[in-house]
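Participant: model the following, please.
(one chain, ligands or ions: 2)
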Amino acid sequence: MKICIFGSGAIGGYLGVRLHQAGADVSLVARGAHLTAMRQNGVKLIVGEEETVVHPRCTDNAAELGPQDYVIIGLKAHSVPSVVPAIQPLLGKDTAVVTAVNGIPYWYFYKNGGDFEGRVLDSVDPGGAQWNGFGPERAIGCVVYPATEVVEPGVIQHIYGDKFSLGEPDGTQSDRVKALSAAMEAGGLRAPVLDRIRDEIWLKLWGNLCFNPISALTHATLDVICSDPETRAVAKAMMLEAKEIGDRLGVHFRVDVERRINGAGAVGAHKTSMLQDLERGRPMEIDALLSVVQEMGRMVGVDTPTIDVVLALVRQRGEVAGIYSRPGVKEAAAPAVAAQ
Ligand SMILES: NC(=O)C1=CN([C@@H]2O[C@H](COP(=O)(O)OP(=O)(O)OC[C@H]3O[C@@H](n4cnc5c(N)ncnc54)[C@H](OP(=O)(O)O)[C@@H]3O)[C@@H](O)[C@H]2O)C=CC1
Ligand SMILES: CC(C)(CO)C(=O)C(=O)O
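Facilitator: Numbers count the residues shown, from 1 in each chain. Ligands and ions are numbered 1, 2, ... in the order given. Below is the predicted model:
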């Protein structure tokens with residue numbers, strides 16, 4: 001089984017190590033010092049006291065790899081549109097594209113039925129670059145639950161979790177999704193194949209769409225956001241607006257808002273990825289977590305007053321830090337120093 005992980009950072013690198021251990025023919029696409037270190041020393045994964053080093057093929061040039069059975073996208077959401085051309089050499093007739101990325105994926109309205117079938121979402125897929133460049137029929141959905149970090153080039157620290165839920169857009173138990181699940185499970189991961197992957201995408205997104213921007217605005221950790229009555233109320237208001245949108249799109253939320261907030265609070269004094277990105281001066285995933293929910297709200301006729309306010313504030317926070325540009329505006333240059 002040939003698998004290329006395009007964007008082999010914290011999550012992609014973790015997946016790469018586990019799939020390599022499972023015996024898959026794994027190639028990692030990465031760049032910079034991280035790529036150099038992985039090429040020279042292998043990829044080191046630290047899980048608790050245990051350290052594993054594996055030596056998959058590592059490159060910054062996907063063209064040298066040829067067509068794959070699976071391309072797993074492990075990039076931050078905002079990076080995906082720009083790599084569509086670079087991914088083309090990896091795509092054969094039957095190659096599946098697995099979106100291991102937070103937020104709403106480009107293929108959301110493929111085989112979902114209803115009024116919006118075939119609709120491209122501008123906030124995550126401007127101009128339909130992914131829809132047209134990958135094709136929605138290649139897509140396999142993936143919800144990423146583990147937390148991992150690149151602690152130094154070539155070194156991935158596992159923090160918690162081992163579950164990557166998978167699912168076909170049409171909910172079928174296809175051979176390709178079952179084979180990928182089996183490979184991931186052979187590597188020691190949990191990879192259930194769900195028949196309603198969009199429900200799971202929303203459940204994860206439900207937390208990301210509020211906690212991540214609130215944390216970027218306040219610099220508070222999850223425990224603080226969830227226990228302070230005022231920020232908890234902001235989060236809850238955003239989640240209820242999002243739930244109304246999800247309900248109209250046929251999403252089933254299997255837990256209620258209070259339980260979802262309590263679950264996030266129980267994670268503890270953890271900085272969300274958006275806060276970490278802000279502090280490190282790296283682009284923030286605002287559009288795939290938040291702008292897209294506003295866009296979907298407009299589509300289904302649900303007002304999103306709280307989401308609108310928080311989105312306006314976090315966009316401006318990102319723009320002032322030089323790490324965010326609104327969809328349709330030229331990409332922000334990375335600042336020389338991290339934002340304070
Ligand atoms: N890390 C986590 O704990 C979790 C992450 N997620 C989600 O998973 C997704 C991936 O996140 P994460 O792994 O943390 O992100 P990372 O930034 O750690 O990994 C992405 C990697 O892709 C590289 N990259 C970007 N553009 C290119 C390119 N053109 N060519 C080659 N390599 C490229 C980046 O390099 P560079 O650093 O140079 O930009 C980086 O190494 C995100 O959507 C995130 O929200 C979800 C749950 C938890
Ligand atoms: C920690 C958590 C759950 C916050 O929503 C997360 O997924 C993130 O930081 O992106």
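Participant: what's residue 145 in contact with, if anything?
Facilitator: 161-165, 204 (Cβ atoms under 8 Å, 6 or more residues apart in numbering). Placement of C-beta: from N, CA and C, glycine included.
Participant: so for it, what's the pLDDT?
Facilitator: For residue 145, the pLDDT comes out at 95.
Participant: got phi/psi on it?
Facilitator: phi -100, psi -30 (degrees, to the nearest 10).
Participant: same check, this time on the one 3 residues further on
Facilitator: With angles defined as degrees, to the nearest 10, residue 148 shows backbone torsions of phi -140, psi 170.
Participant: helices of the stretch 201-340 of the chain, start to end?
Facilitator: Taking DSSP state H, counting those that start in this stretch, the helices of the stretch 201-340 of the chain run over residues 222-227, 229-248, 257-266, 273-280, 286, 292-300, 305-320.
Participant: where exactly do the strands run in this protein?
Facilitator: Secondary structure of the chain (DSSP state E): strands at 2-6, 25-29, 43-47, 50-54, 57-59, 68-73, 91-99, 139-144, 147-152, 155-160, 164-167.
Participant: where does pLDDT dip in the stretch 201-340 of the chain?
Facilitator: The model of the stretch 201-340 of the chain has pLDDT under 70 over residues 328-340.
Participant: what does it put close to ligand 1?
Facilitator: Within reach of ligand 1 by Cβ under 6 Å from any ligand atom, the stretch 201-340 of the chain has these residues: 273, 285.
Participant: let me know the pLDDT of the residue of the chain found nearest ligand 1.
Facilitator: Ranking the residues of the chain by distance to ligand 1 (Cβ to the nearest ligand atom) places residue 9 first, at 2.0 Å. Here, the pLDDT recorded for residue 9 equals 97.
Participant: excluding chain neighbours, what is closest to it?
Facilitator: Nearest in space to residue 9, with sequence neighbours left out and distances taken as Cβ to Cβ, 6 or more residues apart in numbering, is residue 150 at 5.4 Å.
Participant: and the one you found, what does it touch?
Facilitator: Residue 150 touches 9-10, 13, 34, 156-157, counting by Cβ under 8 Å, 6+ apart.
Participant: can you tell me which of those residues is closest to residue 125?
Facilitator: Ranked by distance to residue 125 (Cβ to Cβ), those are led by residue 9 at 21.1 Å.
Participant: how about the residue of the stretch 1-150 of the chain found nearest ligand 2, phi and psi?
Facilitator: Nearest residue of the stretch 1-150 of the chain to ligand 2, counting by Cβ to the nearest ligand atom: residue 102, 5.9 Å away. Per-residue torsions, residue 102: phi -70, psi 150 (degrees, to the nearest 10).
Participant: how close does the closest residue to residue 204 other than its chain neighbours get to residue 103?
Facilitator: Of all residues not flanking residue 204 in the chain, residue 143 sits nearest, at 5.2 Å (Cβ to Cβ, 6+ apart). Using Cβ to Cβ, to the nearest Å, residue 143 is found at 10 Å from residue 103.
Participant: quickly list what's touching both of these two.
Facilitator: In contact with both residue 143 and residue 103: no residue, using Cβ under 8 Å, 6+ apart.
Participant: looking at these two, which is more packed in?
Facilitator: residue 103 (27 against 24; other Cβ atoms under 10 Å).
Participant: how many neighbours does the spatially closest residue to the more buried one that is not a sequence neighbour have?
Facilitator: Spatial nearest neighbour of residue 103, excluding adjacent residues (Cβ to Cβ, 6+ apart): residue 288 at 2.9 Å. Residue 288: 25 surrounding residues under other Cβ under 10 Å.
Participant: check contacts around residue 288.
Facilitator: 77-78, 101-104, 123-124.
Participant: if we use 6 Å, what do you get?
Facilitator: Residues in contact with residue 288, defined by Cβ atoms under 6 Å, 6 or more residues apart in numbering, are 77, 103, 124.
Participant: does the second one touch residue 290 like I think?
Facilitator: No. Because the distance of 8.5 Å does not satisfy Cβ atoms under 6 Å, residue 103 is recorded as not touching residue 290.
Participant: returning to what we had before: farthest pair within the contacts of residue 145?
Facilitator: 162 and 204 (15.3 Å).
Participant: mind listing what residue 40 touches?
Facilitator: By Cβ under 6 Å, 6+ apart, the contact set of residue 40 is empty.
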